[in-house]
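Trainee: Build me a model from this:
(chains A, B, C and D)
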Protein chains: 2
Amino acid sequence: MAECEHVHEGPAGLTGRDLNHALSQADDRCARAGERMTQPRRRALALLLEAGRPMKAYDLIDIFGEDGRAAKPPTVYRALDFLSRQGLAHRIESLNAYVACEMGERRHAAAFLICDCCGATEEIEPFAPERVQAAAADAGYLIDRVTIEAHGRCPACL
Amino acid sequence: MAECEHVHEGPAGLTGRDLNHALSQADDRCARAGERMTQPRRRALALLLEAGRPMKAYDLIDIFGEDGRAAKPPTVYRALDFLSRQGLAHRIESLNAYVACEMGERRHAAAFLICDCCGATEEIEPFAPERVQAAAADAGYLIDRVTIEAHGRCPACL
DNA sequence: CGATGCGTGTTATAATGTATCGTTGCTTCT
DNA sequence: AGAAGCAACGATACATTATAACACGCATCG
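Mentor: Down below sits the predicted model:
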């Protein structure tokens, strides 16, 4: 992360009632999808929601245990894979990090604005999906998944 | 890489005169930019051009020495960083891999179509750059670099 | 010349991600 | 209820990807 001279708090995550509400909604979504929201999956989501910004897998591993003990890597990676499959979280490839989904819908495409100064990210609507498909069709490709990550500076770090 | 039933050769890379020509052009570009095309940098670029598809850093490390001996990781990572900075190669975040640039211009934005079956990639013109900037402006971000990677199947693997 | 900057080679280590195996706890079928 | 099948878990070990730190060489420039 290229530091900048600004020092400020990153985006706050969820706490208390907001957090519980978001977790309950995730529970519902899983139930409707016939998927199981197990303890480690829920814990991983809670940590992402609390953080409110992208978290490295090993950061989660370190703080995973409610008692302060670390988790085993596969526990967290499995949970993150699940959350990504369900659209409850997204992997940010250019950061090797994961972030809770900010949109409501299940299994949607995502795009991100990422601040290289403070680490804040903003999930945005993927732009020009039709032009992706058009470009792919020109080359004869059939696309099922698109990664879009725009790096720069957030308003607070400009 | 999710296999598919098709078996076919991936895209061929450059050889012989074509390879030397491409390397000479890279030499020229570096000279004009006041950068040094050193031996390891040139070797890394040659390997990428020969491969004609994305290569993992450790694949390059293994075959780096002309005498068949492996290189040390920092040697290759430094060369790849340099090539990326110069726009002579691109990093593909979602593959942890690197590919020689197929466009002529220096330091341009890139986007990729990636076949999850055979590993072929196609570098395409980034679509809708103005819409990226617009979306970023809405959120107050200033963007300097955008990663766009579309995964699917290439014509040969459909 | 001496100092500075950049690139290199080397060693070591950090950070990130997976394979595998045995177990547990549902769900479903009879 | 009992058994079979399956999904997820926990644990160990390991594989892959990437960087830190330091010494050296060589060019440039005051």
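
Trainee: which parts of whichever strand in chain A runs longest are buried?
Mentor: If you go by DSSP state E, chain A has its longest strand at strand A:142-153. Residues of strand A:142-153 classed as buried: A:143, A:146, A:147, A:148, A:149, A:150, A:151, A:152, A:153 (neighbour count, 16 or more other Cβ atoms under 10 Å in any protein chain shown). In this view, the C-beta of every residue, glycine as well, is placed from N, C-alpha and C.

Trainee: Surely the fourth one is in contact with residue A:123?
Mentor: What it means is residue A:148. No. Shown here, residue A:148 and residue A:123 do not form a contact pair, counting by Cβ atoms under 8 Å, at 10.5 Å.

Trainee: Mutual contacts of the two, please.
Mentor: When contacts are counted by Cβ atoms under 8 Å, 6 or more residues apart in numbering or on different chains, residue A:148 and residue A:123 are jointly contacted by A:110, A:111, A:112.

Trainee: so which of those residues comes closest to DNA strand D?
Mentor: Checking those against DNA strand D by Cβ to the nearest atom of the strand gives residue A:112 as the nearest, at 18.4 Å.

Trainee: now the closest one: how far from residue B:65?
Mentor: Distance of residue A:112 to residue B:65, given as Cβ to Cβ, to the nearest Å: 39 Å.

Trainee: Those two - which one has more neighbours?
Mentor: Comparing residue A:112 with residue B:65 by other Cβ atoms under 10 Å in any protein chain shown, the one with more neighbours is residue A:112, at 23 against 12.

Trainee: tell me the contacts of the more buried one?
Mentor: By Cβ under 8 Å, 6+ apart, the contact set of residue A:112 is A:90, A:92, A:99, A:121, A:122, A:123, A:124, A:148, A:149, A:150.

Trainee: now the fifth one: how far from chain B?
Mentor: What that stands for is residue A:122. Note on residue A:122: its distance to chain B, by Cβ to the nearest Cβ, to the nearest Å, is 5 Å.

Trainee: partner residues bridging that residue?
Mentor: For residue A:122, the beta-bridge partners are residue A:113 (DSSP bridges).

Trainee: burial count for it?
Mentor: Applying other Cβ under 10 Å, we find 20 residues neighbouring residue A:122.

Trainee: need the contact list for residue A:150.
Mentor: Listed by Cβ under 8 Å, 6+ apart, the contact set of residue A:150 reads A:111, A:112, A:113, A:114, B:132, B:135, B:136, B:141, B:143, B:145, B:146, B:147.
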